[in-house]
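A.B. asks: sequence plus predicted model, see below.
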Amino acid sequence: MNGVAIEVVRPGLCDLVMDGGRPGWARAGVPTGGAADQAALAAANRLVGNRPDAPALEIVARGPQLHFPRGGVIALTGAPFRAARAAGLVAGWNQTLVLAAEEILRLGEPAEGYRCWLAIRGGLAVEPVLGSASALPQAGWGGVTGRPLRVGDRLFSHPAGGGVHLLRARPPGVESAAPLRVVAGPQASALTDTGLANLFGGCFRVDAASDRRGIRLTGPGVAGKAQAFPTQGVLPGAIQVPPDGQPIILGWDGPVTGGYPVAATVIGADLPRLAQLKPGAEVRFATVSVDDARALAPPEWLVEDWA
Amino acid sequence: MAKPQAGQSQSALPWRWMGERGLRLETGAVTLDRYAQLVDASFEEIEDVIPADGSILLILKPGVPPPAKLGELLAAPPPRLPERAAALHVLPLRVTEDASPDLALCAARAGLAAGEFVRQFTAIEFTVAFLGFQPGFPYLAGLPGHWAMSRRATPRVRVPAGSVALGGSYAGVYPMAGPGGWHIVGQTDAKLFDPARARPALLAAGDRVQFEVQS
C-alpha cells in the first residue's frame, strides 16, 4: 500500500466503496452488489489507468469533502455533482484529474441524476470479501466494515506503475426521460387486467424509501390476483409486485429470493439508468423482447487521449 | 389457412424469462435433484443457479444466450439424488426465555406444551430446501403442516444472529443480525455463514439438518 490516499473531511449522504461485485454467490444467499453502473465505474477506472473493476467510491445524492494528503490522479464519472477544488481549479467530469498534495475536493449535490463514481489511480486498497471490495451494509462486508464513509475515515490506494495519461471519456447518450425497457413476465399473469394496464401504461414516482436493495415506486395501483406466491430466485431489475400494488424494482444489493410475483424485469442495458433515479423521479415502462434485450448491450463509453 | 401460431416459441420453452438473463424453471418436487444436476453440468454460459420453492432461477452471464444443450437436459427428468448422500448437520439449540421469545406462540399454534414442542422440533430431520434472504439463511423443509406460522404482522427491527425461527411452512436460521418477521423459538451458536471459510455457507441446498438442545 501507498500511505493514506483519501481522508474524509465530511462524509456525503452514503459514500460506499464499490467494484465489480460478487457474481456467482447468489445460490448461497449473497447479492451480486457492486457499482450500480458498471460502465461508469469502468470508465472512471480507465481514466486513471486502473483495471475496469478496481475498487472506487460510489457517491449518492450529496457528496463528501475529501482530503488528498499526497495529491493523486482521480476521475469522476456518472451524474454531474456540484464540485469545487482549491484555488478555483475545475473538477471536471469524465476526464483525468491531477490533484496537488493537500488538495481538498468538495462535492455537493447533483445537478441532475443521483450517483457518481470517483476512481483513484491504483484503486482503493480494501480487503476483499468473497472476491470483492464492494461494501454490503447489511452484512458489514467490504469497504470500511461495509458501512458508508464517516468523518476521519482514511482510505488507502494500491501503488500504480507507469506514467499518467491525460484522458477523457465520452459517456453514452442516454435519454433519461425515455421509458425503462423491460421484458414482461415471468408472472405478468398474476396481475389483473387493470394492474397490467397500469404497470405498462402508468407513470410511477420513485419513493424516498428506496436504496441499493430496492427502488420503491408509487403510482397507479398494480393490482394482483391476490394469492400466496411461492418464494423464487430473483435478480437485480426484477419488478416485484407486493399485495399493496406498489411495485419494487430490485436493486444491486437486493435479496436473491423473493416472495412476490415478478411482473417484468428491467433489461441489462437500462440497469445503469436505475442508478440515476432519485426520489421523486418519474418512471414508465416499455416492453421489449428477450432477443432485443440481449442485442441491446449496455451503452458504451469512449475513452480517448485528451492532451 | 393455418391458424397463426402466435407465441409458440415462447410457450414451447421449458423456462420463463426473468429479463434477458434469468431463466425460471418450474421444478416442483424435483427441485433439489434438478439443482444438483445443473450445478454438476456447470455450463459455461451460466453465472448462477438459485433453487427456491418449487422453481429454479438460472442466471446467464451478461450478453450470452442459453446453453445449446440446456433444452435437451431439461427434456428428461433429473437423476434422483441418492437418498442418504446429503450431509447431516447437527446444530446446537439454546432454548431459554430470552432466546425463545415466540416459543409459547408457536407451541400453542401446534397444539403442544412448550417442552413437547421443543422435543418434537428437535426430532425432525430437516432438508435445506434453498438459501436466500440473507447470506447463508436456510429455508428448512420438514415441519408438520399444521405448525405453519404466518409472518409477524410487524417485523422485528433487529433479530439477533443465530436466531432459529419459523416462517410459513419453513424453519430457518438468521446468520446475521437484522430485521426479520419470523417467529423465534431458540438460538444456535453454529456459524451459518463465514466469508473467510473455504465453504462460506455452512449449509447447501439438499443438506439435512437436525437441532439438538444444548444442556
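C.D. replies: Arrived safely.

A.B. asks: just checking, what's the longest helix in chain B?
C.D. replies: Taking DSSP state H as the criterion, chain B has its longest helix at helix B:31-41.

A.B. asks: just the residues contacting it, thanks.
C.D. replies: Outside helix B:31-41, the residues within contact range by Cβ atoms under 8 Å, 6 or more residues apart in numbering or on different chains are A:27, B:25, B:27, B:46, B:49, B:51-56, B:58, B:73, B:77-81, B:127, B:129-130, B:205-206. Quick note: C-beta positions are derived from backbone N, CA and C, even for glycine.

A.B. asks: quick one, which of those residues are buried?
C.D. replies: The neighbour-count criterion (16 or more other Cβ atoms under 10 Å in any protein chain shown) marks A:27, B:25, B:27, B:46, B:49, B:51-56, B:58, B:78, B:81, B:127, B:129-130, B:205-206 among these as buried.

A.B. asks: narrow those to those in strands?
C.D. replies: Those of the buried ones among the contacts of helix B:31-41 mapping onto strands are B:25, B:46, B:49, B:51, B:55-56, B:58, B:127, B:129-130, per DSSP state E.

A.B. asks: how much space separates B:Gly71 from B:Leu13?
C.D. replies: According to Cβ to Cβ, to the nearest Å, B:Gly71 stands 8 Å off from B:Leu13.

A.B. asks: helix or strand right after whatever helix or strand A:Ala40 lives in?
C.D. replies: Using DSSP states H and E, A:Ala40 maps to helix A:38-47. Using DSSP H and E, the helix or strand that directly follows helix A:38-47 along the chain is strand A:56-60.

A.B. asks: show me what that next one is packed up against.
C.D. replies: strand A:16-18, helix A:38-47, strand A:115-120 (3 or more Cβ pairs under 8 Å, 6 or more residues apart in numbering or on different chains; DSSP states H and E).

A.B. asks: any idea of the angle that strand forms with helix A:38-47?
C.D. replies: Going by axes from the mean of the first three to the mean of the last three Cα atoms, to 10 degrees, strand A:56-60 is angled at 130 degrees with respect to helix A:38-47.

A.B. asks: nearest spatial neighbour of residue 64, skipping sequence neighbours?
C.D. replies: Chain wasn't specified; assuming chain A. Taking Cβ to Cβ, 6 or more residues apart in numbering or on different chains, and ignoring the residues beside it in sequence, A:Pro64 has A:Gly12 as its nearest neighbour in space, at 4.0 Å.

A.B. asks: please refer instead to chain B.
C.D. replies: B:Glu45 (4.7 Å).

A.B. asks: can you pull the contacts of A:Pro298?
C.D. replies: Contacts of A:Pro298 (Cβ under 8 Å, 6+ apart): A:38-39, A:268-269, A:271-272, B:62.

A.B. asks: inside helices: which ones of the residues you listed?
C.D. replies: A:38-39, A:271-272.

A.B. asks: farthest-apart pair in those, please.
C.D. replies: For these, with distances taken as Cβ to Cβ, the pair at the greatest spread is A:Ala39 and A:Leu271 (9.7 Å).

A.B. asks: the helix holding A:Ala40: how far from the chain's middle?
C.D. replies: In this view, helix A:38-47 has its centroid 12 Å away from the chain centroid, taken as Cα atoms, centre = their mean, to the nearest Å.

A.B. asks: please apply the same query to stretch A:203-215.
C.D. replies: On Cα atoms, centre = their mean, the centre of stretch A:203-215 falls 13 Å from the chain's centre.

A.B. asks: would you confirm that A:Asp53 contacts A:Ala40?
C.D. replies: No: using Cβ atoms under 8 Å, A:Asp53 is not in contact with A:Ala40; the gap is 12.0 Å.

A.B. asks: and stretch A:105-114, how far apart are its ends?
C.D. replies: 18 Å (Cα to Cα, to the nearest Å).

A.B. asks: show me which residues of that stretch are buried.
C.D. replies: Using 16+ other Cβ under 10 Å as the test for burial, stretch A:105-114 gives A:105-107, A:110, A:113-114.
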